[in-house]
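Participant: Dropping a prediction and its sequence here:
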Amino acid sequence: MSMHSSRPEVRSTHDVIVIGGGPMGLSTAWQLSKRNAKTLLLEQFTFFNQLGSSAGVSRQFRLPYPEEYMVKLVKQSIPFWHELQSLTPVPLMDKVGTLWFGDPAVHSTEGNIAEAEKALKALDVPYTSLTAAEIERQYHFRDLPSSYTGIFQADGASIDLLATQRTLYNWNAASPFVTILEEAPATRITQSEGTFEVVTPKGSFFGKKLVLVPGPYANNVFNLLDFSIAATYWNMASAFYKKTRPDIQYPTWFVFQEPDGTNGNEFYGFPEVSWNYPGYIRVASDFVMQPLDSPEQRTSVPNPQELAYTAQWVRDHMTGLEPVPQFTSTCMVALSKIANKELLIDFAPPHVPNHKDIVIYATGWAAKFVPLLGRILADLALDGHTPFDISPFATGTTYFQPLQAGRQKTNASTK
């Protein structure tokens, strides 16, 4: 609620203000409300928008990762997905399996096939190893180099991200502990006597703790608190390809290949799903030819050359599809400049007053962790710690930077 009273003693103070109303913000509010924490959720645009990293409504749920701690985190997310699923009759996932294949020597932002095998084995996750011939025979790909290898993991799925967000939104809208506001970007954040004041066009709001989950717009919010994160922004090209053989169903998949000139040459795809252009499947490039410096440079028109490289891959190596990109769009994601584009889950940097009262999630691909990350962020906000091991992601001290000297100071300091 807006605070227009001049009597501060009657102002309403929230336990937690969550800034960012995408999947992570919605999930955090859900988890906070389950602990009866008075929560305010602020979204700068409207809910379910396509302006952040959640463009498009399908995401991959997968267990293959080259790091054991990532495989473990996905396994830990499964009970939270089951809990979220229990809130809605709409299926949140379509289980089709995950296929990783390609050049076994390639190491990419996704990892490496042999390292993923090792991590899956270490955590007792079942999978099948495949030769190039078996991949072609079982999964409808063709003309693959005979040196290619692969792994198939049966628990992989397509996440219906829109249904996931709607389920969370409906819970929060019905909860007596949550207030949700859209078209309410944070324009100023100040502190006084251990309470944060967040100023928005819809009024000023007071909270004891902040959770910042602004997706690719991270620095728009972090700068209000006198720090930034080193990130690169990928405006990723995406398109759908018409099925010419209705009987063919692909799993979710990713192909590892060496770059070929300006062609990053790594692609990923989804099965046909009922909730997103039935009769078509989505295939996208997992590279960008020109990263952006800021989300303001984002465009909804994909790079035509990235689309052309993807269509060529579809033409050369997939069956039962028309190799013409349709329903094109872009998906923006902020990626940290850490080598393997790690997620970042941490408190604000120590130079920010009361930094342990400010919890942050930023960068990386994390749709598969939505219900679990909400829990982790709620734990950190309310308890200052979480039982889940987030040490690999608590890298803010390394990657957060104070705003440059000489740059105009924002109103973030304690008054």
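Facilitator: Received the coordinates, thanks. Everything numeric in this text was worked out from a predicted model, so none of it was measured.

Participant: so how far is residue 336 from the closest residue to residue 337 other than its chain neighbours?
Facilitator: Nearest non-adjacent residue to residue 337, counting by C-beta to C-beta, 6 or more residues apart in numbering: residue 230, 4.6 Å away. In this view, the C-beta of every residue, glycine as well, is placed from N, C-alpha and C. Residue 230 sits 7 Å away from residue 336, going by C-beta to C-beta, to the nearest Å.

Participant: neighbour count winner among these two?
Facilitator: Shown here are residue 230 and residue 336; by other C-beta atoms under 10 Å, residue 336 has more neighbours (22 against 13).

Participant: list the residues that contact both of residue 230 and residue 336?
Facilitator: residue 399 (C-beta atoms under 8 Å, 6 or more residues apart in numbering).

Participant: residues of the lowest-mean-pLDDT helix or strand in the chain that come out buried?
Facilitator: Every helix and strand in the chain was compared by mean pLDDT, DSSP states H and E; the lowest is helix 396-399, with a mean of 77. Of all the residues in helix 396-399, those buried under the rule 16 or more other C-beta atoms under 10 Å are 396, 399.

Participant: Pull out the CA atoms of it and give them to me as CSV.
Facilitator: Provided in CSV are the C-alpha atoms of helix 396-399 (Å, rounded to 0.1, in the frame of the first residue of the first chain):
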residue,chain,number,x,y,z
GLY,A,396,29.3,-11.8,-5.0
THR,A,397,32.3,-10.6,-3.2
THR,A,398,34.4,-11.4,-6.3
TYR,A,399,31.9,-10.1,-8.9
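
Participant: buried stuff in the helix or strand just after it?
Facilitator: Sequence-wise, the next helix or strand downstream of helix 396-399 (DSSP states H and E) is strand 400-402. Across strand 400-402, burial judged by 16+ other C-beta under 10 Å covers residue 400.

Participant: hmm, who's touching strand 400-402?
Facilitator: Contacts of strand 400-402 (C-beta under 8 Å, 6+ apart): 222, 226-230, 346, 348-349, 351.

Participant: Mind giving me the ChimeraX command for buried ones among the residues you listed?
Facilitator: Listed next is the ChimeraX selection for buried residues among the contacts of strand 400-402, using 16+ other C-beta under 10 Å:
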select :222,226,227,228,229,346,348,349
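
Participant: could the contacts of strand 400-402 be laid out in CSV, adding distance to residue 325, secondary structure and pLDDT?
Facilitator: Shown next, in CSV, are the contacts of strand 400-402 (distance: C-beta to C-beta, whole Å; DSSP: H, G, I helix; E, B strand; the rest coil; pLDDT from 0 to 100):
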residue, distance to residue 325, secondary structure, pLDDT
222, 35, helix, 95
226, 43, coil, 94
227, 39, strand, 94
228, 35, strand, 91
229, 33, strand, 88
230, 33, coil, 83
346, 38, strand, 95
348, 41, coil, 95
349, 42, coil, 94
351, 47, coil, 92
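
Participant: Looking at the contacts of strand 400-402, spot the one nearest residue 11.
Facilitator: Residue 11 has its nearest neighbour among the contacts of strand 400-402 in residue 348, at 23.4 Å by C-beta to C-beta.

Participant: for that closest one, what are its contacts?
Facilitator: 212, 225, 227, 355, 358, 360, 396, 400.

Participant: from the contacts of strand 400-402, which is closest to residue 95?
Facilitator: residue 346 (32.5 Å).

Participant: Identify the residues contacting the nearest residue to residue 366 once chain neighbours are set aside.
Facilitator: Closest residue in space to residue 366, ignoring its immediate chain neighbours: residue 343 at 5.6 Å, by C-beta to C-beta, 6+ apart. Contact partners of residue 343, counting by C-beta under 8 Å, 6+ apart, are 361, 363-364, 366, 369, 393.

Participant: Give me the distance between residue 343 and residue 200.
Facilitator: From residue 343 to residue 200 the distance is 27 Å (C-beta to C-beta).

Participant: Kindly report the same for residue 317.
Facilitator: Separation of residue 317 from residue 200 (C-beta to C-beta) stands at 49 Å.

Participant: same deal with residue 76?
Facilitator: 34 Å.

Participant: next one: residue 143
Facilitator: From residue 143 to residue 200 the distance is 54 Å (C-beta to C-beta).

Participant: buried set for the biggest helix by length in the chain?
Facilitator: Determined from DSSP state H, the single longest helix within the chain is helix 68-85. Going by neighbour count (16+ other C-beta under 10 Å), the buried part of helix 68-85 is 68, 70-74, 76-77, 80-81, 84-85.

Participant: of these, closest to residue 23?
Facilitator: residue 84 (10.8 Å).

Participant: which ones are touching the residue nearest to the closest one when sequence neighbours are not counted?
Facilitator: Nearest residue to residue 84 in three dimensions, chain neighbours excluded: residue 371, at 4.7 Å (C-beta to C-beta, 6+ apart). By C-beta under 8 Å, 6+ apart, the contact set of residue 371 is 27, 30, 77, 80-81, 83-84.

Participant: Now do the helix or strand hosting residue 371 against helix 68-85, angle only.
Facilitator: Under the criterion of DSSP H and E, residue 371 resides in helix 370-383. Going by axes from the mean of the first three to the mean of the last three C-alpha atoms, to 10 degrees, helix 370-383 is angled at 100 degrees with respect to helix 68-85.
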